[in-house]
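[1] make a model of this:
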Amino acid sequence: MTRPVLLLCGLHEATQRELESTWQVHRYHEATDKAALLASLAEACEVVVTSGGRGCEAALMKALPKLKLISCFGVGVAAIDLGHARAHGIAVTNTPDVLTDDVADLAVALMLASLRQVVAADRWVREGAWVKRGTMPLTTAVAKRRVGIVGLGRIGAAIATRCAAFGTEIAYHGPNRKPVDWTYFADPVEMARWADVVIAACPGGAATKGIVSRAVLEALGPAGHFVNIARGSVVDQPAMVELLRSGALGGAGLDVFDDAPHVPQALIDVPRVVLQPHHASGTNETRTAMGRLTLDNVAAHFAGRSLLTPV
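    Model (predicted):
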């Protein structure tokens, strides 16, 4: 009999299909009696598979005393109680690196779409405004813009490299200065005062909650643009909505939200905002690679080999 695995949420279709063909998978998210399912697995289940969005809470770990591995389909692990996992010898893996390029690409796409008003221009043509009203209002050039990046990890650095290719100036904020030539700001508000565009690329979690504060957004100002491919929690969303509606913030390109998939109607109604459905890593190539890492970490655990991407 194959080994039991508890799956907390639906995954990329090919990944889930292979997981279920290899191991005895129990779908927690579809169980009508979740407590009974956990009780039935308490003495047998060593592996949980989850996503970065779903995570894994301490209560669920406590219900599985034999748990040894949480394999996360995603790079973000803020929704996993890492403190509890580490204290109880439960390894956690994620899927870094393989999604860096796609996420960085979408960040730049959102910056371009926001500055050049690509979506608004599309509507201008589709709704007949070009014929009825003539030339669309002018937009903002990308070259020579100042781009400040919150979080210069793998993804932040990839964004910076791409932005630099457009002839922008680059600066960054984070907990530590990095060995790079770009300008470092210890204070995100000071960076926002300097910047034309602020891009959030930091991890989620308590340490970064609200790091893009009202003060940061106000410092960015009515000509400034904010891009978020990080987590909804890193920005003060109510303040962002208010400032966008009033014109105190010039525009935004957003892939993540506080309560996804529920996006405030007030945000949807702002024409200067470009919205995406948390899809920065949403390519066939990247999701396949993420799935491979997730599956390979599970296989490594059961084979007694070293995990590929321990957190």
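[2] confidence score at the spatially most distant residue from the centre of the chain?
    Distance from the C-alpha centroid of the chain, by CA atoms, centre = their mean, peaks at Lys132 (39.8 Å). You'll see Lys132 listed with a pLDDT of 97.
[3] ditto for Arg86
    The model's pLDDT for Arg86 equals 97.
[4] one more: Gly53?
    88.
[5] ok, so what distance separates it from Ala164?
    31 Å (CB to CB, to the nearest Å). To be clear about C-beta, it is placed using only N, CA and C from the backbone, and glycine gets the same treatment.
[6] among these two, which residue is more densely surrounded?
    Of the pair Gly53 and Ala164, Gly53 is the one with more neighbours under other CB atoms under 10 Å, namely 17 against 14.
[7] the more buried one and Ser281, how far apart?
    From Gly53 to Ser281 the distance is 11 Å (CB to CB).
[8] any idea how far apart the tips of stretch 57-66 sit?
    Using CA to CA, to the nearest Å, one end of stretch 57-66 lies 15 Å from the other.
[9] sorry, slip of the keys, the one I care about is stretch 198-214.
    Termini of stretch 198-214 sit 13 Å apart (CA to CA).
[10] in that stretch, what counts as buried?
    198-205, 208, 211-214 (16 or more other CB atoms under 10 Å).
[11] again, but for stretch 299-306
    Applying 16+ other CB under 10 Å to stretch 299-306 flags Ala300, His301, Phe302 as buried.
[12] need the three-state assignment for the spatially most central residue of the chain.
    Nearest to the mean C-alpha position of the chain, by CA atoms, centre = their mean, lies Ala230 at 4.0 Å. Three-state call for Ala230 (DSSP: H, G, I helix; E, B strand; the rest coil): coil.
[13] what sits against it?
    Val150, Gly151, Ala200, Ala201, Cys202, Pro203, Gly204, Thr208, Val256 (CB atoms under 8 Å, 6 or more residues apart in numbering).
[14] state the pLDDT value of Met1.
    pLDDT at Met1 comes out at 51.
[15] which one is Asn94 nearest to, not counting chain neighbours?
    Using CB to CB, 6 or more residues apart in numbering and skipping the chain neighbours, the partner closest in space to Asn94 is Cys72 (4.6 Å).
[16] thinking that neighbour is in contact with Gly53, fair?
    No: using CB atoms under 8 Å, Cys72 makes no contact with Gly53, being 9.8 Å away.
[17] quick check, nearest of the buried residues of stretch 299-306 to Gln237?
    Ranked by distance to Gln237 (CB to CB), the buried residues of stretch 299-306 are led by His301 at 37.5 Å.
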